[in-house]
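prediction below, plus the sequence it came from.
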Amino acid sequence: MTDAVFSGGRARPGTSGETFDVTNPAEGTVVESMTIASVADVEQAVAHAADAFGDWSRAAPAERSGALTRLAAILEGRAREYAEAETQQTGKPIRLTTEFDVPGSIDNVSFFAGAARHLEGSAAAEWDGTHTSMIRREPIGVVGSIAPWNYPLQMAMWKILPAIAAGNTIVLKPAEMTPITSLMLAADCSAAGIPDGVVNVVMGAGRSVGEALIGDPRVSMVSFTGSTPVGQRVMEIATRTVKRVHLELGGKAPFVVFDDADLEAAAHGAVAGALINTGQDCTAATRAYVQRPLYDAFVAATAELFDGVLLGDPMDPATDLGPLISVRQQQAVAGFVERARGYGATIAAGGVIPGGDLAKGAYYRPTLVTDVAQDSEIARDEIFGPVLVVLPFDTDEEGLALANDTIYGLAASAWTTDIFRGLRASREIQAGCVWINDHIPIVSEMPHGGYKQSGFGKDMSMYAFEEYTNVKHVSMDITGVARKPWHRTIFTGN
Ligand code: NAD
């Protein structure tokens with residue numbers, strides 16, 4: 001039994017009096033029934049985080065680094081348990097959780113264990129000849145973080161690690177549907193010797209618990225990953241107390257295939273890029289723009305590969321694709337495809353809810369959609385399901401303009417064997433990440449974050465680390481002169 005709150009170094013049930021069933025979306029069965037957190041639980045967790053801040057912010061970098069190194073070792077030892085828990089609460093195939101979510105998360109811990117010892121300011125110098133300046137990078141205080149359900153463990157890591165490595169303390173609210181691995185992680189932070197109150201997790205509803213966390217005046221920074229509309233609400237609440245805001249929001253990633261691309265690479269890349277995590281990935285390829293000479297061949301090759309994807313029990317290592325997170329999400333995805341049929345789309349693959357054994361889960365077949373307009377709903381809105389739309393283009397300029405014709409700007413890819421085209425695409429596409437001849441790979445050393453309405457702020461890398469710090473200028477007089485020459489600008493003093 002997992003408790004919905006971990007705060008001040010202790011797990012306990014929430015006090016809202018409401019229960020929430022964490023459900024396995026492959027089976028429709030209840031994984032855990034939890035009494036969720038109340039606003040009072042948030043207030044207590046923030047108090048724990050505020051109390052812990054003084055000592056943790058002054059802890060030597062080596063101490064913070066050592067605790068994170070121990071955490072990485074604990075997680076290595078429990079990797080299989082984490083992978084299974086993540087699969088059960090999300091329906092992700094066990095191959096994905098064991099080969100991607102869990103090792104990626106552990107690598108993040110190791111990265112930030114190193115980063116903790118590398119906080120740098122710019123060189124000390126006498127810019128005006130009379131004062132020595134130096135830059136201090138200091139932790140901000142209590143960070144309030146809110147995470148989505150699609151990569152629960154990785155999102156918890158991306159929030160917690162840079163924050164605590166830099167000396168902040170944190171209260172994290174995971175998504176209601178997927179809190180289990182975040183709560184396991186909080187307990188393992190304690191086991192690694194991270195002091196009580198540094199890492200706190202409260203699982204509760206967005207409207208109550210989430211908003212209480214963002215609004216709390218003791219919280220100095222809000223870091224949110226989720227949809228763009230909720231991000232707008234988060235930003236609105238945070239303005240009232242002028243908090244630093246870090247937003248990682250929705251996406252609708254373009255996948256631009258030029259006519260000199262390696263077709264086999266592009267088609268395989270489209271399958272992996274569009275279907276990862278059953279398409280519930282903010283960077284997933286969702287709009288393929290294919291230059292006219294390759295268009296028919298790309299659609300045929302990708303449709304064939306989509307049809308060959310194996311849906312099944314997420315615990316079976318042979319399974320390629322698991323269910324969506326919930327029946328509600330399945331219905332939402334099916335709705336997009338049905339409406340597209342209504343306005344004349346061709347469904348080149350999929351477009352169905354599978355029956356048989358899979359009917360008990362929230363499954364949806366990988367779906368390839370063609371013959372839709374750029375401004376159609378299915379090509380414009382975030383679907384968050386295994387659906388790829390393909391549109392043709394003629395000139396390079398047109399392809400790149402179509403890629404940029406979106407409110408989002410999180411990620412994109414361009415496919416070409418011409419280095420100049422690839423470099424031009426990497427410059428022209430307005431997104432926080434542009435892959436050339438691949439789509440999805442991420443590494444702890446490199447930043448992840450959006451342009452435009454995909455938000456601002458970076459996760460992972462030294463860029464994330466720096467975002468969780470304040471920059472302080474310290475200026476020291478080196479003359480020892482009591483009556484400084486510059487004073488005469490204000491008063492002569494005789
Ligand atoms: P969501 O916005 O519905 O919910 C995200 C979190 O916000 C949840 O924990 C939820 O409880 C909480 N929340 C909801 N209403 C709230 C409110 N009024 N105040 C405070 N918190 C509130 O998103 P989701 O459905 O969980 O996740 C999918 C979305 O997340 C997609 O749009 C996806 O693109 C995005 N996402 C973005 C990134 C990124 O790095 N940019 C990564 C993963 C997911």
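Thanks, I have it.

helices of the stretch 251-400 of the chain, start to end?
All helices of the stretch 251-400 of the chain, identified by DSSP state H, counting those that start in this stretch, fall at 263-275, 292-307, 327-342, 377-380, 396-404.

let's have these in CSV, adding distance to the ligand, mean pLDDT and mean neighbour count.
C-betas here are computed from N, CA, C, even on glycine. Putting the helices of the stretch 251-400 of the chain into CSV (distance: least, C-beta to the nearest ligand atom, whole Å; pLDDT from 0 to 100; neighbours: other C-beta atoms under 10 Å) gives the following:
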stretch, distance to the ligand, mean pLDDT, mean neighbour count
helix 263-275, 14, 98, 21
helix 292-307, 21, 98, 17
helix 327-342, 8, 98, 16
helix 377-380, 14, 98, 19
helix 396-404, 17, 98, 19
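
go through those helices and name the closest to residue 249.
Closest to residue 249 of the helices of the stretch 251-400 of the chain is helix 377-380 (C-beta to C-beta; 15.6 Å).

so what secondary structure elements neighbour the closest one?
Counting contacts by 3 or more C-beta pairs under 8 Å, 6 or more residues apart in numbering; DSSP states H and E, helix 377-380 packs against helix 327-342, strand 387-393.

for that helix, report the contacting residues that lie outside it.
Identification of contacts with helix 377-380 by C-beta atoms under 8 Å, 6 or more residues apart in numbering yields 252, 287, 336-337, 339-340, 345, 369, 372-374, 387, 389, 391, 406.

for residue 2, give me the pLDDT.
Here, the pLDDT recorded for residue 2 equals 85.

interface residues of the stretch 1-150 of the chain facing the ligand?
146, 147, 148, 149, 150 (C-beta under 6 Å from any ligand atom).

so what's the residue lying closest to the fourth one once chain neighbours are set aside up against?
Distance criterion C-beta to C-beta, 6 or more residues apart in numbering; nearest residue to residue 149, sequence neighbours excluded, is residue 175 at 3.7 Å. For residue 175, the residues meeting the contact criterion (C-beta under 8 Å, 6+ apart) are 147, 148, 149, 152, 226.

confidence score at residue 124?
On pLDDT, residue 124 comes in at 87.

got a list of what the residue lying closest to it once chain neighbours are set aside touches?
Nearest non-adjacent residue to residue 124, counting by C-beta to C-beta, 6+ apart: residue 134, 4.2 Å away. For residue 134, the contacting residues are 121, 124, 473, 474, 476, by C-beta under 8 Å, 6+ apart.

figure out how far the helix or strand hosting residue 134 is from the centre of its chain.
Using DSSP states H and E, residue 134 maps to strand 131-139. Strand 131-139 sits 31 Å away from the centroid of its parent chain (C-alpha atoms, centre = their mean, to the nearest Å).

next SSE after it?
With DSSP H and E, the next secondary element past strand 131-139 is strand 142-146.

for residue 200, phi and psi?
Here is the backbone geometry of residue 200 (degrees, to the nearest 10): phi -130, psi 140.

counting neighbours, what do you get for it?
Residue 200 sits with 30 neighbouring residues when counted by other C-beta atoms under 10 Å.

show me the contacts for it.
Here residue 200 is in contact with 6, 7, 8, 45, 46, 48, 49, 169, 170, 171, 172, 186 (C-beta under 8 Å, 6+ apart).

again with residue 254
When contacts are counted by C-beta under 8 Å, 6+ apart, residue 254 touches 285-289, 402-404, 406, 412-413, 429, 431.

try 10 Å
When contacts are counted by C-beta atoms under 10 Å, 6 or more residues apart in numbering, residue 254 is found next to 285-289, 391, 399-400, 402-406, 408-409, 411-414, 425, 429, 431, 434, 439.

okay, the angle between the longest helix along the chain and strand 131-139?
Secondary structure of the chain read by DSSP state H shows that its longest helix is helix 39-58. For helix 39-58 against strand 131-139, the angle by axes from the mean of the first three to the mean of the last three C-alpha atoms, to 10 degrees is 140 degrees.

now do the buried residues in helix 39-58.
39, 41-50, 52-53, 56-57 (16 or more other C-beta atoms under 10 Å).

look up phi and psi at residue 386.
According to degrees, to the nearest 10, residue 386 has phi -80, psi 60.

ok, it - how many residues close by?
Around residue 386 there are 27 other residues, counting by other C-beta under 10 Å.

surely it meets residue 366?
Yes. Here residue 386 reaches residue 366: they are 4.6 Å apart, a contact under C-beta atoms under 10 Å.

okay, and the common contacts of these two?
Taking C-beta under 10 Å, 6+ apart as the criterion, residue 386 and residue 366 both touch 271, 274, 275, 278, 279, 306, 309, 311, 321, 350.

now, the most widely separated pair of those?
Going by C-beta to C-beta, the pair spanning those furthest: 274 and 311, at 14.7 Å.

pull the host helix or strand of residue 112 out as CSV, backbone CA atoms only.
Assigned by DSSP H and E, residue 112 belongs to helix 102-115. C-alpha atoms of helix 102-115 as CSV (Å, rounded to 0.1, in the frame of the first residue of the first chain):
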residue,chain,number,x,y,z
VAL,A,102,14.3,3.7,-15.5
PRO,A,103,17.9,3.8,-16.9
GLY,A,104,17.3,7.3,-18.2
SER,A,105,16.2,8.4,-14.7
ILE,A,106,19.1,6.8,-13.0
ASP,A,107,21.5,8.5,-15.5
ASN,A,108,19.8,11.8,-14.6
VAL,A,109,20.6,11.2,-10.9
SER,A,110,24.2,10.5,-11.8
PHE,A,111,24.4,13.6,-13.9
PHE,A,112,23.1,15.9,-11.2
ALA,A,113,25.3,14.2,-8.6
GLY,A,114,28.2,15.6,-10.7
ALA,A,115,26.5,18.9,-11.5
